[in-house]
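[1] What follows is a predicted protein model with its sequence.
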2 protein chains.
Amino acid sequence: MSILIIEDEPKLAEFIRQGLEENGYSTEIALDGKLGLAKALESNFDLVILDVIIPEVSGIDVCKGIRAEKPNMPVIMLTALDTLSDKQRGFDAGADDYLVKPFEFRELLMRVKALTRRVSVSSLSSHVLKVKDLELDLDLKLARRGGKEIALTAKEYQLLEFLMRNKNRVLSRSEIATKVWEINFDTGTNIIDVYINFLRKKIDAGFDLKLIQTQIGMGYIFKDI
Amino acid sequence: MSILIIEDEPKLAEFIRQGLEENGYSTEIALDGKLGLAKALESNFDLVILDVIIPEVSGIDVCKGIRAEKPNMPVIMLTALDTLSDKQRGFDAGADDYLVKPFEFRELLMRVKALTRRVSVSSLSSHVLKVKDLELDLDLKLARRGGKEIALTAKEYQLLEFLMRNKNRVLSRSEIATKVWEINFDTGTNIIDVYINFLRKKIDAGFDLKLIQTQIGMGYIFKDI
DNA sequence: TCGAATCATTAACAGGAATTTAATAGACAA
DNA sequence: TTGTCTATTAAATTCCTGTTAATGATTCGA
């Protein structure tokens, strides 16, 4: 779990860094807004701690910049300004949380945990995708339905994962082709149809509720409803 | 966007409810922990505001209960307890944010917005076109009117989407032909008339308000007025 | 290293659904 | 009323999808 600290006061930056690293986070420090924004956009941090008053580019603008490119990256704002309007400005820029200096490190740590929990829950610790009574085990790369384990080949697995992550949305063949096969769907291939057929035999055959449905002329949809 | 308020003090609950509804959220109130937990688990709220000290089941346990079943449901804790250990307990139970009473409503609103922004960005903001009482679901590729779902074929869907995106404008047959069928409207085809007829049967039949109207000699118009 | 097994992909075809054509009936304007 | 424009229906055709089998490609174990 990696955290970017954008803070121009070296002492404070170092204090935060040390505390976070002691708690198992890896960190990086940027000493001004320009550098900070660049780092935030190029690397994939799990969270950004951002002072409002920093040189070059203001914390508010850094936050807006991050939001524009990475709408899901959590941002905690740090500031000495304690009026409601200041907080409002911070939240309007897209901050997820707002902490007033001076703060106790424990409080920062709690809020960091609260924001990163979501990341670890959704992408790391939960290794299972569930839709209706079908489970896809991301570790073992197999599916389960009706208490039985279903072995999948690599492509079947990729396709099923894509369908499940995009449930309740009609997916066109060209969308599936680019995302799962990484090909342009112009060659007259019918490979998607064939693999849908494979998946149906494995996960839908014998069940009343058909999870994979065809929308003729449009594509396929994996239904949760 | 719907919010569950779990708070036993009727005055405070009502105060929060009113403020949120004025800001466009729909709300529900639960007056004790048992009821609150049940509601949180059965319905799909976008956020829960949860007082720590409530009857029946404590806020801490309600939060843990929610986390166990719905790890992604945002929870804001409300409490009069301002020590770090109290906050720690709240965050450990899985709260996403923690607000100490008395608080200003604006601050609560900001934090609600910060937590729901993530939701509206990613999954829950369903893509829907609406004209009068007709909805076109761009994900599921179907229409809804009068509470009923209306299945559409590929061409019907394309035509309806085009009409709705160009509502309140008379669309000539040749314009529809080029945009929806990608053909030059010179061949004496009547295919547009036929498909308008199909759509009328599906979305206008049985309703007093006819959304698709004919402008003789000019084309068709989808009326919002 | 070779052969067997598994997997990915292409191709062909049947059946069904959607699209299109065509013919007729109805509505409207002059 | 007449001719033009539109609505409606049914039939014809085209297109789409499901399915199977065959062909390369790859992996794996002996």
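    Everything's here; your move.
[2] Show me the helices in chain A, by range?
    Applying DSSP state H to chain A gives helices spanning A:10-22, A:33-42, A:59-69, A:84-92, A:105-119, A:154-165, A:173-176, A:191-199.
[3] out of those, nearest to A:I49?
    Smallest distance to A:I49 across the helices of chain A (C-beta to C-beta): 6.4 Å, for helix A:10-22. All C-beta spots, glycine's among them, are computed from the backbone N, C-alpha and C.
[4] In that closest one, which residues are buried?
    A:A13, A:I16, A:R17, A:G19, A:L20 (16 or more other C-beta atoms under 10 Å in any protein chain shown).
[5] so who does A:K141 touch?
    Applying C-beta atoms under 8 Å, 6 or more residues apart in numbering or on different chains to A:K141 gives the contacts A:L152, A:Y157.
[6] Return the per-residue confidence for it.
    A:K141 is assigned 90 on the pLDDT scale.
[7] quick one: it from A:D133, how far?
    Using C-beta to C-beta, to the nearest Å, one gets 19 Å for the distance from A:K141 to A:D133.
[8] and if you look at A:D32?
    53 Å.
[9] Can you pick out the residue with more neighbours from the two?
    A:D32 (15 against 12; other C-beta atoms under 10 Å in any protein chain shown).
[10] so how far is DNA strand D from that one?
    Plainly put, A:D32 is 47 Å away from DNA strand D if you go by C-beta to the nearest atom of the strand, to the nearest Å.
[11] Phi first, then psi, for that residue.
    phi -150, psi 170 (degrees, to the nearest 10).
[12] same deal with A:G188?
    Torsion angles, degrees, to the nearest 10, at A:G188: phi -70, psi 40.
[13] Just list the residues touching it, thanks.
    Per C-beta under 8 Å, 6+ apart, neighbours of A:G188: none.
[14] Over to the one 10 residues further on?
    Under the criterion of C-beta under 8 Å, 6+ apart, the contact partners of A:F198 comprise A:T153, A:E156.
[15] change it to 10 Å
    A:L152, A:T153, A:K155, A:E156, A:L159, A:L160 (C-beta atoms under 10 Å, 6 or more residues apart in numbering or on different chains).
[16] these two touch, right, the third one and A:I176?
    No - the pair A:K155 / A:I176 is not scored as a contact, 11.4 Å apart, by C-beta atoms under 10 Å.
[17] What distance do you get for the nearest residue to A:E161 once chain neighbours are set aside to chain B?
    Using C-beta to C-beta, 6 or more residues apart in numbering or on different chains and skipping residues adjacent in sequence, the residue nearest A:E161 is A:L136, 6.2 Å away. Remark: distance between A:L136 and chain B (C-beta to the nearest C-beta, to the nearest Å) = 17 Å.
[18] Same question for A:L142.
    A:L142 is 23 Å from chain B, where distance means C-beta to the nearest C-beta.
[19] partner residues bridging that residue?
    Bridge pairing for A:L142 (DSSP bridges) gives the partners A:D137, A:A151.
[20] isn't it right next to A:A151, touching?
    Yes - at 5.7 Å, A:L142 and A:A151 qualify as touching, with contact defined as C-beta under 10 Å.
[21] Please identify which of these two sits among more neighbours.
    Taking neighbours as other C-beta under 10 Å, A:L142 and A:A151 compare with A:L142 leading, 14 against 11.
[22] Spit out the contact partners of the more buried one.
    By C-beta under 10 Å, 6+ apart, the contact set of A:L142 is A:E135, A:L136, A:E149, A:I150, A:A151, A:L152, A:Y157.
[23] Just give me the closest of these to chain B.
    Nearest to chain B among these: A:E135, at 15.7 Å, using C-beta to the nearest C-beta.
[24] Just want the residue of chain A that's nearest DNA strand D.
    Nearest residue of chain A to DNA strand D: A:T214, at 3.6 Å (C-beta to the nearest atom of the strand).
[25] How much space separates that residue from A:A177?
    In terms of C-beta to C-beta, A:T214 sits 16 Å off from A:A177.
[26] between the two, which one's more packed in?
    A:A177 (18 against 14).
[27] neighbours of the nearest residue to that one once chain neighbours are set aside, just the number please.
    Nearest non-adjacent residue to A:A177, counting by C-beta to C-beta, 6+ apart: A:F185, 3.7 Å away. Neighbour count of A:F185, defined by other C-beta under 10 Å: 16.
[28] Over to A:L138?
    What A:L138 shows, counting by other C-beta under 10 Å, is a neighbour count of 14.
[29] nearest residue to it other than its sequence neighbours?
    Nearest non-adjacent residue to A:L138, counting by C-beta to C-beta, 6+ apart: A:H127, 4.5 Å away.
[30] For the one you found, give me its contacts.
    The contact partners of A:H127, by C-beta under 10 Å, 6+ apart, come to A:L136, A:D137, A:L138, A:D139, A:L140.
[31] try A:S43
    Each residue near A:S43 by C-beta under 10 Å, 6+ apart is listed here: A:S2, A:L4, A:E28.
[32] do stretch A:89-106 and chain B meet at all?
    Yes - residues of stretch A:89-106 are located near chain B by C-beta under 10 Å from any C-beta of the partner chain, namely A:G90, A:F91, A:D92, A:G94, A:A95, A:D96, A:D97, A:Y98, A:E104, A:R106.
[33] residue contacts, the closest residue to A:K179 other than its chain neighbours?
    Nearest in space to A:K179, with sequence neighbours left out and distances taken as C-beta to C-beta, 6+ apart, is A:F162 at 5.8 Å. By C-beta under 10 Å, 6+ apart, the contact set of A:F162 is A:L171, A:E175, A:I176, A:K179, A:V180, A:F222.
[34] Apply the buried test to these and list what passes.
    Counted by 16+ other C-beta under 10 Å, the contacts of A:F162 give A:L171, A:E175, A:I176, A:V180, A:F222 as buried.
[35] What about A:E42, how many residues nearby?
    For A:E42, the neighbour count with other C-beta under 10 Å is 9.
[36] where's it relative to chain B, distance?
    With C-beta to the nearest C-beta as the criterion, A:E42 and chain B are 21 Å apart.
[37] so who does that residue touch?
    A:E42 makes contact with A:E69 under the criterion C-beta under 10 Å, 6+ apart.
[38] domains in chain A, as residue ranges please.
    Taking automatic domain parsing as the domain assignment, the ranges for chain A are A:2-125, A:128-222.
[39] Just name the most buried of those domains.
    For these, average neighbour numbers computed from mean count of other C-beta atoms under 10 Å in any protein chain shown are highest in domain A:2-125, which has a mean of 18.
[40] can you give me how far it is from the chain middle?
    Domain A:2-125 sits 17 Å away from the centroid of its parent chain (C-alpha atoms, centre = their mean, to the nearest Å).
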